[in-house]
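A.B. asks: return atomic coordinates for the entry below.
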Amino acid sequence: MPQSLKDIAASLGAETLGDASVLVDRLAEPLEARAGDLALAVAPKFAEHLQASAARAAVVWPGANIAELGLVGAIVAPRGRLAMAGLTQMMDDDPVFAGVAGVHPSAVIDATAEIGAGAVIGPFVVIDAGVKIGADARIAAHVSVGREVRIGAGARLHAGVKIGPRVRIGDGFIAQAGAAVGGDGFSFTTEGPSGVERAVRQRGGAPLAPPDDGTWHRIHSLGSVEIGDNVEIGANSTVDAGTIRATRIGHGVKIDNLVQVGHNVVLGEDCLLCAQAAVAGSAVLGPRVILGGKSGVADNITLGRDVVAGGGAIVLSSVPDGTFVSGHPAQPTHEYRAGLKALRRLVRG
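C.D. replies: This next block holds a predicted model:
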């Protein structure tokens, strides 16, 4: 449904320029915008694209001259990405669950499960005994929810999500397609010292002798996963159950696609884990830690609050609060960059 710039700006707490009565019905990138679109041109670098388009309205940067940009009206966004967060939420018609209501006849729901008011359960969903799902949840096709799981209000579980037994999840949870929460942790031991243990202890370059018995014995996962409110988990990411206690994910944590969170890990509130990051068992991440893409955190170490690990960083030891680390092994980024510069000078002679 078309909306006026005035109404959109009011919902964002933003200012308008020019004619605020202009109606728009869709968001678009500047170069592809048509007359009825709201172009997202949040920085001066988009000016040429905006001028070349048919857009009459746009979200622009502070100080933009709408006459020069060929616009009739505009919304001013001092922080462009924050404006995009509000705009995309406003314009999202939730296509996965649009027009769907109630419980699909092919869903298999145990008689002891409790489903909150207004929940939508899609085709071929399986919900086990003792499950409690909050009001207004949306559960897409082929989702499975294990025994005695608790899921808060307003959850969105996309196709193929798997939730293991006894998992506890707060309100506002979103899991993208194929995410798996509460599977067994990767935890094994050997009768004698394993190859890893012997390699750590070894001195010198002699080859490791074969073990007397290399059989791996499973350590079962008796814990589960506890997830706070407003947590999001991306497509095909995994959060393993704890061994004895639960793996814990704090309020507001955002996990990208293809991320691995190991058993007994603790993620503090508002952590952000980017694609292909991995956190090994029993690591503890403080509030607001950010892991860049393809970064890794070793087991049994602690990252303090507000630590940032750059893309590809491999963190092998604990990191104090507020430190930006890079490289393999990770070190403070200013030291890592200084080392790279020194190496280049050596190579060049």
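A.B. asks: what's the longest helix in this structure?
C.D. replies: helix 333-348 (DSSP state H).
A.B. asks: export only the CA atoms of that helix, formatted as CSV.
C.D. replies: Written as CSV, here are the backbone C-alpha positions of helix 333-348 (Å, rounded to 0.1, in the frame of the first residue of the first chain):
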residue,chain,number,x,y,z
THR,A,333,45.3,-5.3,15.1
HIS,A,334,47.7,-2.4,15.3
GLU,A,335,50.5,-5.0,16.1
TYR,A,336,49.4,-7.3,13.4
ARG,A,337,49.4,-4.5,10.8
ALA,A,338,52.8,-3.3,12.0
GLY,A,339,54.2,-6.8,11.6
LEU,A,340,52.8,-7.0,8.0
LYS,A,341,54.4,-3.7,7.1
ALA,A,342,57.8,-4.8,8.6
LEU,A,343,57.6,-8.1,6.5
ARG,A,344,57.0,-6.1,3.4
ARG,A,345,60.0,-3.9,4.1
LEU,A,346,62.2,-7.0,4.6
VAL,A,347,61.0,-8.6,1.3
ARG,A,348,61.7,-5.4,-0.6
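A.B. asks: name the residues of that helix that are buried.
C.D. replies: Using 16 or more other C-beta atoms under 10 Å as the test for burial, helix 333-348 gives Thr333, Tyr336. From N, CA and C alone the C-beta is placed, and that goes for glycine too.
A.B. asks: for that helix, which outside residues touch it?
C.D. replies: Taking contacts as C-beta atoms under 8 Å, 6 or more residues apart in numbering, the residues outside helix 333-348 that touch it are Gly310, Phe324, Val325, Ser326, Gly327, Ala330, Gln331.
A.B. asks: top of those residues by neighbour count?
C.D. replies: Ala330 (26 neighbours; other C-beta atoms under 10 Å).
A.B. asks: now do the contacts for the closest residue in space to Ala55 that isn't next to it in sequence.
C.D. replies: Ranked by C-beta to C-beta, 6 or more residues apart in numbering and with sequence neighbours excluded, the top spatial neighbour of Ala55 is Ala33, at 3.7 Å. Applying C-beta under 8 Å, 6+ apart to Ala33 gives the contacts Ala39, Leu50, Ser53, Ala54, Ala55, Ala58.
A.B. asks: got any ranges where the stretch 1-150 of the chain has weak pLDDT?
C.D. replies: Counting by pLDDT under 70, the stretch 1-150 of the chain contains low-confidence ranges at 99.
A.B. asks: ok, the nearest residue to Val279 once chain neighbours are set aside to Val259 distance?
C.D. replies: Excluding the flanking residues, the one nearest Val279 by C-beta to C-beta, 6+ apart is Val297, at 4.6 Å. Counting by C-beta to C-beta, to the nearest Å, the gap from Val297 to Val259 is 11 Å.
A.B. asks: who has more neighbours, the two?
C.D. replies: Each of Val297 and Val259 has its neighbours counted (other C-beta under 10 Å); Val297 has more, 28 against 23.
A.B. asks: give the bridge partners for the more buried one, please.
C.D. replies: Val279, Val315 (DSSP bridges).
A.B. asks: I figured it hits Val284, correct?
C.D. replies: No. Taking contacts as C-beta atoms under 8 Å, Val297 lies outside contact range of Val284: 9.5 Å.
A.B. asks: which residues are in contact with both of these two?
C.D. replies: By C-beta under 8 Å, 6+ apart, the residues touching both Val297 and Val284 are Leu303.
A.B. asks: report the central residue of this protein.
C.D. replies: Ile255 (2.2 Å; C-alpha atoms, centre = their mean).
A.B. asks: what's near enough to touch that one?
C.D. replies: Counted by C-beta under 8 Å, 6+ apart, Ile255 has contacts Val231, Glu232, Ile233, Gly234, Ser237, Val239, Ile249, Val261, Leu273.
A.B. asks: just those residues now: which is nearest Pro123?
C.D. replies: For the contacts of Ile255, the residue nearest Pro123 by C-beta to C-beta is Ile233; the value is 22.0 Å.
A.B. asks: residue ranges for the helices of the stretch 1-150 of the chain, please.
C.D. replies: 5-12, 47-52, 66-69, 80-91 (DSSP state H, counting those that start in this stretch).
A.B. asks: Throw the ones you listed into a markdown table and include distance to Ala338 and mean neighbour count, thanks.
C.D. replies: As requested, the helices of the stretch 1-150 of the chain are arranged in a markdown table below (distance: least, C-beta to C-beta, whole Å; neighbours: other C-beta atoms under 10 Å):
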| stretch | distance to Ala338 | mean neighbour count |
| --- | --- | --- |
| helix 5-12 | 42 | 18 |
| helix 47-52 | 37 | 16 |
| helix 66-69 | 43 | 15 |
| helix 80-91 | 31 | 14 |
